[in-house]
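Undergrad: Just to be clear, the model below is a prediction. Sequence and coordinates:
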Amino acid sequence: MSPYNMAMTIKSSFAEDAEPRRASGGKPSATPIVSETQGNPGPSSAPKNNRSKILSGEEFASDKSIDLSLRPKGIAEYIGQARLKSILEMSIAAAKSRGEAMDHILFYGPPGLGKTTLAHVIANEMGSKLHITSGPSLERPRDIIGLVHQLEAHDVLFIDEIHRLSRVAEELLYPAVEDFVIDLTTGKGHATRSMRLPLPRFTLIGATTKAGMISNALRDRFGFVLRLEYYGLEELASIVHRTAGILNVRIEADGVEVVAARSRGTPRIANRLVRLVRDFAQYKEKTSVNRALAEEALNTYQVDALGLDPTDRRFLEILIDSYGGGPVGIDTIAATLGEDSNTLEDVYEPFLIQRGFVQRTPRGRMATPAAYKHLGRKFNGLQLSLEFEEGEEIG
């Protein structure tokens, strides 16, 4: 069998298998691919309650239709991540001048900071098709084969949650991203035959919130490994102002500041809060949003001045009121709070640590002076003078 006929056979087999999967929301089909399938997330990969949907960086169904209209088309429109943008601008310009595909890129960082948006921006800047899928949806070899087979020269392939690729899919992807070939095997037993088919040069963009879970072999195949940082207040204010304009919401400058300050450094949350404020203003029959109305709206949704919600505040209250500021083990906090410890570590604790409310010590979690101040508690200063030896966490 010739390489061409073998490829057509595999493509036909994939197409027959793909039809029922598309009907049930399976792996993406036509180009450019825009896959809505995110696989079956693990127990702690997404928030578990409605409260978290407001202040979570994870993307929900309600975000997707809105995000399409809010995404910047070019890199000049993209707000924030100045260092990362300068690297991408130079790389895009160089690749276009040579008429080549960009080098492979791995984006990592907390959810909601713009990894998918950057993939769209890069594809637009390169004038290429964007194919989107996710690690959990690439379960079998035919998933990878069918995906890379439809790529054209200079296309951009975006794999979200790339740390969740199966081992088989990951190993099949290695020659595709390194040598732009795909290894095919046909037949069984003594009739087994292996061959390599060439692929057009494309750009792989991987995105992950857990860079430590990516194997070294896969990480080494990316030309750029770039971290997205949390956004500052000025950058978030610019995003809130831009989003309000697109959604036809009149927000005064002081109202913009309120929304930006409560967005937890995350553009996706900022966009979500703008929509909530818009709905609240419409309910109150107000034509514009000022500071007072923005504060009233977000207080109604239980988002406080620094972006903490009731569970965040309860976490700090337990540390301070029940355990004297700590140190205390995360399992003890989880039991007192009535939450799963993995959920606390993955969903709640990162922001509290990032904002300087909680410290991790060898013996457990401790509340900082900032936490006392935010809750209106008196800080006696003793905690800062204590030195802890290595030992078991309390609880």
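TA: Received, thanks. Numbers count the residues shown, from 1 in each chain.
Undergrad: Could you check how many residues crowd around Ile159?
TA: Neighbours of Ile159 under the rule other CB atoms under 10 Å: 26. For every residue, glycine as well, the C-beta is placed using N, CA and C.
Undergrad: Specify the local secondary structure of it.
TA: Per DSSP: H, G, I helix; E, B strand; the rest coil, the local secondary structure of Ile159 is strand.
Undergrad: Let me know whether Gly307 touches Arg262 as I believe.
TA: Yes - contact criterion CB atoms under 8 Å: Gly307 and Arg262 qualify, at 4.4 Å.
Undergrad: mind listing the helices for the stretch 51-200 of the chain?
TA: Here the stretch 51-200 of the chain has its helices, by DSSP state H, counting those that start in this stretch, at 61-70, 82-98, 115-126, 141-149, 167-178.
Undergrad: between these, which gets the lowest average pLDDT?
TA: Note on the helices of the stretch 51-200 of the chain: lowest mean pLDDT is at helix 61-70, with a mean of 63.
Undergrad: closest to Ile320 out of the helices of the stretch 51-200 of the chain?
TA: Ile320 lies closest to helix 61-70 among those, at 33.7 Å (CB to CB).
Undergrad: any low-confidence regions in this structure?
TA: For the chain, the stretches with pLDDT under 70 are 1-68, 186-192, 381-395.
Undergrad: So for it, the centremost residue is which one?
TA: Of all residues in the chain, the one closest to the mean position by CA atoms, centre = their mean is Pro111, 2.9 Å from it.
Undergrad: distance of it from Phe351?
TA: 12 Å (CB to CB, to the nearest Å).
Undergrad: Pick out whichever of Gly307 and Arg262 has more residues nearby.
TA: Set Gly307 next to Arg262 and count neighbours by other CB under 10 Å: Arg262 wins out with 24 against 20.
Undergrad: That one: what's it in contact with?
TA: Shown in contact with Arg262 (CB atoms under 8 Å, 6 or more residues apart in numbering): Leu273, Leu298, Val303, Asp304, Ala305, Leu306, Gly307.
Undergrad: where along the stretch 151-300 of the chain do the strands fall?
TA: Secondary structure of the stretch 151-300 of the chain (DSSP state E, counting those that start in this stretch): strands located at 156-160, 181-186, 193-198, 203-208, 224-227.
Undergrad: Using JSON lines, please lay out the ones you listed together with distance to Glu125.
TA: Listed next are the strands of the stretch 151-300 of the chain as JSON lines, based on distance: least, CB to CB, whole Å:
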{"stretch": "strand 156-160", "distance to Glu125": "10"}
{"stretch": "strand 181-186", "distance to Glu125": "27"}
{"stretch": "strand 193-198", "distance to Glu125": "26"}
{"stretch": "strand 203-208", "distance to Glu125": "11"}
{"stretch": "strand 224-227", "distance to Glu125": "15"}
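Undergrad: measure Met366 to Arg360 for me?
TA: As judged by CB to CB, Met366 and Arg360 stand 8 Å apart.
Undergrad: Neighbour count for these two, which is higher?
TA: Shown here are Met366 and Arg360; by other CB under 10 Å, Met366 has more neighbours (22 against 14).
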